[in-house]
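Novice: With the sequence up front, the predicted model follows.
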Amino acid sequence: MKFFKGQESHNKTHGMTGTSTYKSWSHMKDRCLNPKCRAYPRYGGRGITIHPPWITSFEVFLEDMGVKPVGLSIERIDNDGNYTPDNCKWATYFQQNKNRSSNTEFPGVSWDKKNQKWCSELKRGGKRMLFKRYKTHLAACYARHQAELNLNQELR
């Protein structure tokens, strides 16, 4: 790209801005580095970091991870580990759900290691309807169940 006759741009790009691979990289950085991000407490807020070369270079991330396959997203193999080449892979939503922190048999309820509390979460259509922490597993399960019943009543 020339700005004016004889001058070349020093900002060469990879041409992948806007692709799903680039968005995954950008969202990963947001979750870990931006305290204003909604997901920050579950990532950067609990100490999850990013491989330093990935922070500054999409190209290095792309070289290590490859292009994001359709229907997959980035997963940390060790859910308590960092975003590093040896701890990340592209995975389905189902595979990632099985890798959540202290997953329980009750859908939408998990153990928050950092806060030492049970979390109850309910999402519909990508929108979070419930996210609260409880002292007991039973209280979290009950809250999740009640939220689901209430939501189903509203949908009728």
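Specialist: Yep, it's here.
Novice: drop to CA atoms for contacts and neighbour counts, all remaining ones
Specialist: Will do.
Novice: Break down this structure into its helices, ranges please.
Specialist: 20-33, 52-56, 58-65, 93-97, 137-155 (DSSP state H).
Novice: Deepest in the core, which of those helices is it.
Specialist: helix 20-33 (a mean of 18; mean count of other Cα atoms under 10 Å).
Novice: What lies in contact with that helix?
Specialist: Helix 20-33 is contacted from outside by 16-17, 37-40, 42-45, 48-50, 55, 58, 61-62, 67-68, 73-74, using Cα atoms under 8 Å, 6 or more residues apart in numbering.
Novice: hmm, back to that, right, and the helices of the chain - which one's nearest F106?
Specialist: helix 137-155 (6.8 Å; Cα to Cα).
Novice: and the closest one, how far from the chain's centre?
Specialist: Put simply, helix 137-155 sits 24 Å off its chain's centre (Cα atoms, centre = their mean, to the nearest Å).
Novice: Export that helix to PDB, keeping only CA atoms.
Specialist: The C-alpha atoms that make up helix 137-155 are tabulated as PDB, following Å, rounded to 0.1, in the frame of the first residue of the first chain:
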ATOM      1  CA  HIS A 137     -23.400 -27.900  45.500                       C
ATOM      2  CA  LEU A 138     -27.100 -28.500  46.400                       C
ATOM      3  CA  ALA A 139     -27.800 -24.700  46.500                       C
ATOM      4  CA  ALA A 140     -26.200 -24.200  43.100                       C
ATOM      5  CA  CYS A 141     -28.100 -27.100  41.600                       C
ATOM      6  CA  TYR A 142     -31.400 -25.900  43.000                       C
ATOM      7  CA  ALA A 143     -30.800 -22.300  41.700                       C
ATOM      8  CA  ARG A 144     -30.000 -23.600  38.300                       C
ATOM      9  CA  HIS A 145     -33.100 -25.800  38.200                       C
ATOM     10  CA  GLN A 146     -35.300 -23.000  39.400                       C
ATOM     11  CA  ALA A 147     -33.900 -20.600  36.800                       C
ATOM     12  CA  GLU A 148     -34.600 -23.100  34.100                       C
ATOM     13  CA  LEU A 149     -38.100 -23.600  35.300                       C
ATOM     14  CA  ASN A 150     -38.700 -19.900  35.400                       C
ATOM     15  CA  LEU A 151     -37.300 -19.400  31.900                       C
ATOM     16  CA  ASN A 152     -39.400 -22.200  30.500                       C
ATOM     17  CA  GLN A 153     -42.500 -20.500  32.100                       C
ATOM     18  CA  GLU A 154     -41.600 -17.200  30.500                       C
ATOM     19  CA  LEU A 155     -41.300 -18.900  27.100                       C
END
